[in-house]
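Novice: following is a predicted model, sequence given first.
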Amino acid sequence: MHKLIMAISMMLSLAGSSAARAQGQTEALIYKNPSCSCCDAYADYLQQNGFKVTVRETHQLAPMSRKAGIARDFEGCHLAHIDGYVVSGHVPVSAIRRLLGERPAIKGITLPGMPLGSPGMGGAKQEPFTIYEIGDGAPKVFAKE
Amino acid sequence: MTHDGLKAIDRRAFLSGTTGALAASLLPGSATSGDAKRRLVLAETQASLVGSGHPKTRVWSYNGTVPGPELRFKQGERLQIEVENRLPQETTVHWHGIRLPNAMDGVPHLTQQPIARGGKFVYAFDLPDAGTYWYHPHMLSSEQVGRGLYGPLIVEEREPIRVDRELTWVLDDWRLRPDAQIDDGFGNMMDASHAGRIGNTVTINGRVPDTVAVRRGERIRLRLINAANARIFGLEFAGHEPIVIAYDGQPVDPHRLKQRRLDLGPAMRADLVIDMMGKPGERFTLTDSFYRRQAYKLVDLVYGSESLRETRLDATFALAANTMPEPDIGNAVRHDIVFQGGMMGMMVERQMGGGSGSGMGMGGMGGGMGSMRDMMHSGRIWRINGVAAEGHVMKPMLTLERGKSYVLAMTNMTAWPHPIHLHGHSFRVISRNGAPTRDREWLDTVLMSSRERVEIAFVADNPGDWMFHCHILEHQAAGMMGVIRVA
C-alpha cells in the first residue's frame, strides 16, 4: 500500500513537472515535518509567488539537512529543492530569484533560526534576515534582507 | 533526491517483506523470578535490527541484547540488581513506573552519582505493584536510549489472569543510515524544537517485524511498551477487538479501544487481552497510523492451520487493584502547570492567552521569535512554568507535603504533543479539557495533545526529589523537566 502511494505520488509529481514547465513555472519540492504549520504557510507563499510547489512530509529533516551540506547551527526548519539548489528555512523569494538568476557554484542558501516576520512565520520582523550560502567552506553571507 | 538511502531503509523497514521474523524472535530473552541478585552489564554490541541481507547495527545493550533481558518478578518481591557500566559514557538506570525509594530512582546527581565508566552500582528495592514497567538510563538519555538501552520489567500479579499466551512487545524507533548504522546526529536543534528524534525504522523487540503466528481461539495478553525516544504509536488491530486491562502497569476497568486505536506515547505502556477469533489461514495487519499521512504496516498476525477453540475463552480478565492510596480530591491542593516553548510556541501562547494566568509570564521570550535562534543555540527550548531546565539538579518547582492529596492542572501551551512523566508516583487522570475522564486511569506518563488541559490527582506519599518531565527525550534535554519535592 505504501509502495503504491509512493508510486502514485511520483506519477503526480512527474505530471506536475510537465505542466509546470508548460507554464514556465519553477518547481519547488519541500520536505517538512508533518506537524509544522509554518512550513505549510511557507509552501503557500512560494505557490503565491509563482512556484509550482510539491510538499512531502518527513521526520528526517535533521539528517537530510546534514546530507545537503547544511551545518547544524545554520539549518532552517524545512528543506526545499529548487532548480538544482537547496533552500533551507523561510527564505524570501527575492533571495531565491537572485540565486536562480546568478546561479553561483554553491549548494544552496539557508535562513537559520525561523526569524519572526519571515515568510510563513508570521509576526513582525525584528531585524534584517541574514541568509547564508551553503557550500563546502565556512558559511558566508549570501544576502541581508 | 539525495537521501535515497534513507528512503530505502524507510521502505525496507516499514514494508519488511523478507525478514521472515518468527514469533519466537519476538520474545526477548528473559531472566525469570526470584530474589537472587542479578546483573546487568552495559556494553556495545551488534544487533540484527533490520534482518538478514543487511548489516548488523552497532548498538548499546544490557547483557548483549536489544531490548535488555526481560526482568520478571512477582508482586511484593525485592528487585536486587548489580549494574556494571562498560560503555564510554557515565550512566544510571531508571526503573520507569515503579514506586520505589528516591535513592533507587536512577536520576544522575539528583538521586545518585552517575555510574562511571567501568563502575558498578547495586539497585535494590521492593516491588509494591504488579504491572508492565521498563528500565532505561536517565543520563544523556536521548543518545543512550536511542542507541538501544532499554528493557522490560514485568511484575506478575500474585494471581495472574488466565490466558493462553503472554507476549511482551517493546516498540522502538531507530534513525538508521543506509548502512543500517545509527545516525549519530544526537542533540540537534531541529529535533529538539519539533517532534523529537523520530526515526525511520520501527522494531518490535529489536527486530523489524514481519509476522506473528497466532491460533484461532487463542487468548493473548499483550504487554506493549513504547521505548522510542520520540515516536508516538497509534495502533490499529484490524479484525480484532483488543480489551485494555491496564495502562502504565495499573489496572483499569477492562474496555475496548477508544476510536479503535491505541495511542501510546514514549514511555507509555498498555496491557491488552486479545481473543484471536480469525479463521485458520487468515492474515490481519496491525497498522500504526498516529502520523496520519505516514501510516504504515507494523506487523501481520497470521493464523496457523490449527484452532485452539471455536468460542472465546470464558474467563475473567479484570486485574486486582494495586496499592496506590486514593487521593482525596475534594480536599486536594491545586497547582497550575503550564508547558511552553518549541516551534510555533509563541503562536499557541498568543492564541491561548499567554502564560499570564499562571503568573509565570513568558519566561525569557520577551524578545519574541527573533530570539528563537538564541534559544536554539542555548538549547533551552521548552519551559515548565517559565523555567527551562539545564541538567537534573535544580530548585524544586513544587514542594508537596508528604501524605497530602494534590491536583496538578496542566496546560500544554505548545504546538506539539508531550508525554508527561512523574517519577515515584502513579496519578489518576481525572479530567481532559474540563471533562471528567471515564476511566480515571492511573498513569505515570500522560500524553497531552497540543493545547490540551489535563488534571491529574495523587497522594504525595513518597518522600524525595522527583523528576517531572516530557518523555520525548529531546524535549527533556532541551529544558522540559522540573523537580517536584515531597517532604
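Specialist: Nice, I can see it.

Novice: in terms of pLDDT, where does residue 18 sit?
Specialist: No chain was given, so I picked chain A. Here the pLDDT value assigned to A:S18 is 48.

Novice: correction: the question concerned chain B.
Specialist: pLDDT, B:T18: 32.

Novice: okay, the helix or strand encompassing B:V122 in PDB with CA atoms only?
Specialist: Using DSSP states H and E, B:V122 falls within strand B:120-126. In PDB, the C-alpha atoms belonging to strand B:120-126 read as follows (Å, rounded to 0.1, in the frame of the first residue of the first chain):
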ATOM      1  CA  LYS B 120      29.200  -0.600  39.300                       C
ATOM      2  CA  PHE B 121      26.000   0.200  41.300                       C
ATOM      3  CA  VAL B 122      23.600  -2.000  43.100                       C
ATOM      4  CA  TYR B 123      19.900  -1.200  42.800                       C
ATOM      5  CA  ALA B 124      17.700  -2.900  45.500                       C
ATOM      6  CA  PHE B 125      14.100  -2.100  46.200                       C
ATOM      7  CA  ASP B 126      10.700  -3.800  46.800                       C
END
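
Novice: look at B:E310 and report its pLDDT.
Specialist: 95.

Novice: got a list of what it touches?
Specialist: Each residue near B:E310 by Cβ atoms under 8 Å, 6 or more residues apart in numbering or on different chains is listed here: B:R216, B:G217. Glycine gets a C-beta too; all of them are placed from N, C-alpha and C.

Novice: ok, now B:V387?
Specialist: B:G363, B:M394, B:M397, B:G479, B:G482.

Novice: now intersect these with the strands, please.
Specialist: Counted as lying in strands by DSSP state E, out of those, are B:G482.

Novice: all the helices of the chain, residue numbers only.
Specialist: By default, I'm working from chain A. Ranges of helices in chain A, per DSSP state H, are A:2-22, A:37-48, A:61-67, A:93-102.

Novice: you answered for a different chain; I wanted chain B.
Specialist: B:4-15, B:141-146, B:189-193, B:345-352, B:372-378, B:473-477.

Novice: I'd say B:R78 and B:D126 touch.
Specialist: Yes - with contacts counted by Cβ atoms under 8 Å, B:R78 reaches B:D126, the gap being 5.1 Å.

Novice: between these two, point out the one with more neighbours.
Specialist: B:D126 (15 against 10; other Cβ atoms under 10 Å in any protein chain shown).

Novice: low-confidence ranges in the stretch 251-400 of chain B?
Specialist: B:354-377 (pLDDT under 70).

Novice: strand partners (parallel or antiparallel) of the strand holding B:V122?
Specialist: In the sheet, strand B:120-126 lines up against strand B:78-85 (antiparallel) (DSSP bridges).

Novice: how about the strand it pairs with: buried residues?
Specialist: Using 16 or more other Cβ atoms under 10 Å in any protein chain shown as the burial criterion, the residues of strand B:78-85 that qualify are B:L79, B:I81, B:V83, B:N85.

Novice: repeat for stretch B:105-125
Specialist: Under the neighbour-count criterion of 16+ other Cβ under 10 Å, stretch B:105-125 has B:D105, B:G106, B:V107, B:P108, B:L110, B:T111, B:Q112, B:P114, B:I115, B:F121, B:Y123, B:F125 buried.

Novice: stretch B:260-279 now?
Specialist: B:261-278.

Novice: among these, which are in strands?
Specialist: Per DSSP E, these map to strands at B:L262, B:D263, B:L264, B:R269, B:A270, B:D271, B:L272, B:V273, B:I274, B:D275.
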